[in-house]
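# need a structure here:
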Amino acid sequence: MTKINLAVTGCLGRMGQQIIKSAKSDKNFKLVTVTENRIINKKVAGIKPSLNTEDAFKKADLIIDFTVPKCTFEILKIASKIKKSVVIGTTGFSKKEEILIKKYSKKIPILKAGNMSLGINLLMYLTEIASKSLGNNFLSKIFEIHHKHKKDHPSGTALMLGKGIAVGKNKDFYKLIGKKYLNKKSFPYGKKINFNSLRKGEIIGEHEVTFSSGKEVIKLNHEAFDRALYSQGAFTAAKWLMKKKPGLYSMRDVLNFK
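Residues are numbered from 1 along each chain as shown. Alright, predicted model coming up:
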């Protein structure tokens, strides 16, 4: 079996470290490149970290990127030039940046997901079904909790779930975005989708979608207990993506949710 030569960006970040750790025990991958946005003098997994350059990525077949939007676009620019597939787990993109990612996907295969977990992607699918079935008589809101180190809010996963609500209603998600709260004990429903983000401790991730008619409440939720589930999902996505032509894909495509 031919192994996939893997490059991991943000090698000192939480997810970068988790992916590197998981790669050691996955026979489908060979870690060949690790990068950071600054010079690092110590080796990581036996490899000297590089900056994001053409030379760094040339020997890789595929790049897994869990960094920040600015870094992701630096990587996409290089990857599109030297024709490397990219799995993006980075979150916090603006609408304009989402459009730019789609442009890059015309040149290379890109799989982008706000969350690589099977459970979360199933939750999004169920959110779409619930939103469509319940219709406009139900208001909705989204609550999420992450560790105190997470900078962006709402989380990429919370926004994914918001898009699921919008898809179910056949509406433009960006026109449905309501208020974004941070560290509130409670928050209201609205005509649009309101979000509340809680940052505390070392919590890996909890997400809850709530629908209410005023007479009844329906809740869909997911809790993550091990960060390895994200790296395993990224590897599943990477293996799937290696066989694909240029285009923008999601975990939904990998899992074949219709």
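# give the contact list for the residue nearest to Cys71 when sequence neighbours are not counted.
Nearest non-adjacent residue to Cys71, counting by Cβ to Cβ, 6 or more residues apart in numbering: Asn37, 5.8 Å away. Quick note: C-beta positions are derived from backbone N, CA and C, even for glycine. Each residue near Asn37 by Cβ atoms under 8 Å, 6 or more residues apart in numbering is listed here: Gly10, Leu51, Asn52, Thr67, Cys71.
# Same check on Met116?
Each residue near Met116 by Cβ under 8 Å, 6+ apart is listed here: Gly89, Leu229, Tyr230, Ser231, Gln232, Gly233, Ala234, Thr236, Ala237, Met251.
# now, which of those sits nearest Lys192?
For the contacts of Met116, the minimum distance to Lys192 (Cβ to Cβ) is 25.7 Å, reached by Met251.
# can you pull the pLDDT of the closest residue to Lys43 other than its chain neighbours?
Closest residue to Lys43 apart from its sequence neighbours, by Cβ to Cβ, 6+ apart: Pro49 at 7.8 Å. We have a pLDDT of 96 for Pro49.
# residues near Pro49, how many?
23 (other Cβ atoms under 10 Å).
# Residue nearest the middle of this protein, spatially speaking?
Against the mean C-alpha coordinate of the chain, by Cα atoms, centre = their mean, the closest residue is Gly114 at 2.3 Å.
# Next up, the contacts around it.
Contacts here follow Cβ under 8 Å, 6+ apart; on that basis Gly114 touches Thr91, Ser155, Gly156, Thr157, Leu159, Met160.
# I'd say the third one and Thr91 touch.
I take that to be Gly156. Yes: contact criterion Cβ atoms under 8 Å: Gly156 and Thr91 qualify, at 2.6 Å.
# where in the stretch 1-150 of the chain is pLDDT low?
Scanning the stretch 1-150 of the chain for pLDDT under 70 picks out the ranges 1.
# State whether Val86 is indeed within a strand.
Yes: according to DSSP: H, G, I helix; E, B strand; the rest coil, Val86 belongs to a strand.
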